[in-house]
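**Student:** Just need the structure, nothing else, for what follows:
(chains A and B)
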Amino acid sequence: MLNRTADSVARATPEPLARRVRGISDKGLAWLFISPTILLLLAINIFPLFWAIYLSFTNYRANRPNEVVKNLGLSNYRRILGDQDIWIAMQTTAHFVFWTILLQTLIGFTLAWLIDRKFRGHAFWTTIILVPMMLSPAVVGNFWRFLYEPQIGLFAYAISFVSGIPPTDIQMLSNVSLAPWSIIIVDTWMWTPYVMLICLAGLRSIPEYIYEAAEVDRASNWRQFWSITLPMALPFIMLAVLFRGIENFKMFDMVNLLTGGGPGSTTEVASITLKRQAFESWRTGYSSAFAIILFVAVFGLANIYVKALNKVKQR
Amino acid sequence: MSLTQPTKRKSRWPVWARRGLMENIATVIIAIGFLMLFQPFALSLYTYSFITMLFGTAMFIVVSKFPE
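**Tutor:** So this is what the prediction gives:
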């Protein structure tokens, strides 16, 4: 059936075109197939990157397209790297990244380890646990805004029930010390399933005979965990940390929806500062330079992780 | 049948410039730059963090093409 279809397609191809296609080498044909993807990548990824690099050396403002664009050299970079407010935004970002990765890895790995026990109904619970990850960040942000409401929010009532503090005193989004944690909680809630899924793949890839051999050697469960489970799942944990680390450095949607960088600038992460500079102050050149600095940071981080990953794999 | 073992061609690439070692150095430079960018102690360290990271990243890209 398939052959017949192929034959009819081949017969339907006009002779001059067919002759041309027959003359193409395998390599040429491969290039022909991948060139649309390459062109698309160049247009939507590579070109904007080089354009942003160019803009980072200028005083270009997107709201004044007719103004003469002046070349400022490294001035934008110098100003960003000497700006105390941006330095603080970087520290806020580091705080978020550290705590979200730590919590997501710990909880995600623990959940994966429990799910891997294959108890009754484990498939059902796996699906339930994965639900937050499937939701849109916009939905999650609005949903948690309601949960955090001191008057009507379920979160405040739950905390009040446990701690005895009146729910109206639990102002998660407007309290300076609680606001950063409110975002960390939501990000952890949303993305722990993703880490769990990767860790679960790692745990399922460990051959059963290794555990059987350990049982024969009378190794305790604790010993099996530290000598078999953790080392063999480590490349997968590293992979999860890499993905979440890179994603959390760019964290924008959740912060924007929950606190918008406030109260004051306590939750103003680098991406929020970048957005304010680019679309509120309209300093396009300046914000391009800032974006390039963040890009180099994430790119450098990715290099370190890939190297670490290769090292773990070689063991 | 010849019993002689095929001799390994000795690379003329200097030992100190092999990929493993150079990648490790580049990784350390990136890590230092990264810590400088996010540390809360000195503004001057933050100022020089970008150039350190950029140098480390460029070095990593170059040395990852070196022979092992």
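
**Student:** CA-only coordinates of the least confident helix or strand in chain B by mean pLDDT, as CSV, when you get a sec.
**Tutor:** Lowest on mean pLDDT, DSSP states H and E among the helices and strands of chain B sits helix B:19-38, with a mean of 90. Output in CSV follows, covering the C-alpha atoms of helix B:19-38 (Å, rounded to 0.1, in the frame of the first residue of the first chain):
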residue,chain,number,x,y,z
ARG,B,19,41.4,19.6,26.9
GLY,B,20,40.7,18.1,30.4
LEU,B,21,43.0,20.4,32.2
MET,B,22,42.1,23.5,30.2
GLU,B,23,38.4,22.9,30.6
ASN,B,24,38.9,22.6,34.3
ILE,B,25,40.6,25.9,34.4
ALA,B,26,37.9,27.5,32.3
THR,B,27,35.2,26.1,34.6
VAL,B,28,36.9,27.5,37.7
ILE,B,29,37.1,30.9,36.0
ILE,B,30,33.4,30.8,35.1
ALA,B,31,32.5,29.7,38.7
ILE,B,32,34.6,32.5,40.2
GLY,B,33,32.9,35.0,37.8
PHE,B,34,29.5,33.6,38.7
LEU,B,35,30.1,33.9,42.4
MET,B,36,31.5,37.5,41.9
LEU,B,37,28.2,38.4,40.1
PHE,B,38,25.9,37.2,42.9
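
**Student:** so how far is the helix or strand just after that helix off the chain centroid?
**Tutor:** Sequence order places helix B:43-47 as the next helix or strand after helix B:19-38, per DSSP states H and E. Here the centre of helix B:43-47 is set off from its chain's centre by 23 Å, with Cα atoms, centre = their mean, to the nearest Å.

**Student:** Any regions of the stretch 51-200 of chain A where pLDDT drops low?
**Tutor:** Within the stretch 51-200 of chain A, no range satisfies pLDDT under 70.

**Student:** Kindly recompute the last result at 80.
**Tutor:** For the stretch 51-200 of chain A, applying pLDDT under 80 flags the ranges A:118.

**Student:** Within range of chain B, give me the residues from it.
**Tutor:** Neighbours of chain B within the stretch 51-200 of chain A, by Cβ under 8 Å from any Cβ of the partner chain: A:77, A:81, A:82, A:84, A:87, A:90, A:91, A:93, A:94. All C-beta atoms are positioned from the backbone trio N, CA, C, and that covers glycine.

**Student:** Contacts only, for the fifth one.
**Tutor:** Okay, so that is residue A:87. By Cβ atoms under 8 Å, 6 or more residues apart in numbering or on different chains, the contact list for residue A:87 reads B:43, B:46.

**Student:** before we move on, the earlier item: how about the least confident helix or strand of chain B: buried residues?
**Tutor:** Within helix B:19-38, the residues that count as buried by 16 or more other Cβ atoms under 10 Å in any protein chain shown are B:22-23, B:26-27, B:29-34, B:36-38.

**Student:** With stretch A:137-156 instead?
**Tutor:** Residues of stretch A:137-156 classed as buried: A:137, A:140, A:141, A:144, A:145, A:147, A:148, A:149, A:150, A:153, A:155, A:156 (neighbour count, 16+ other Cβ under 10 Å).

**Student:** With stretch A:153-168 instead?
**Tutor:** Using 16+ other Cβ under 10 Å as the test for burial, stretch A:153-168 gives A:153, A:155, A:156, A:157, A:159, A:160, A:167.

**Student:** ok, now stretch A:169-188?
**Tutor:** By 16+ other Cβ under 10 Å, the buried positions in stretch A:169-188 come out as A:170-173, A:175, A:178-180, A:182-188.

**Student:** Thank you, goodbye.
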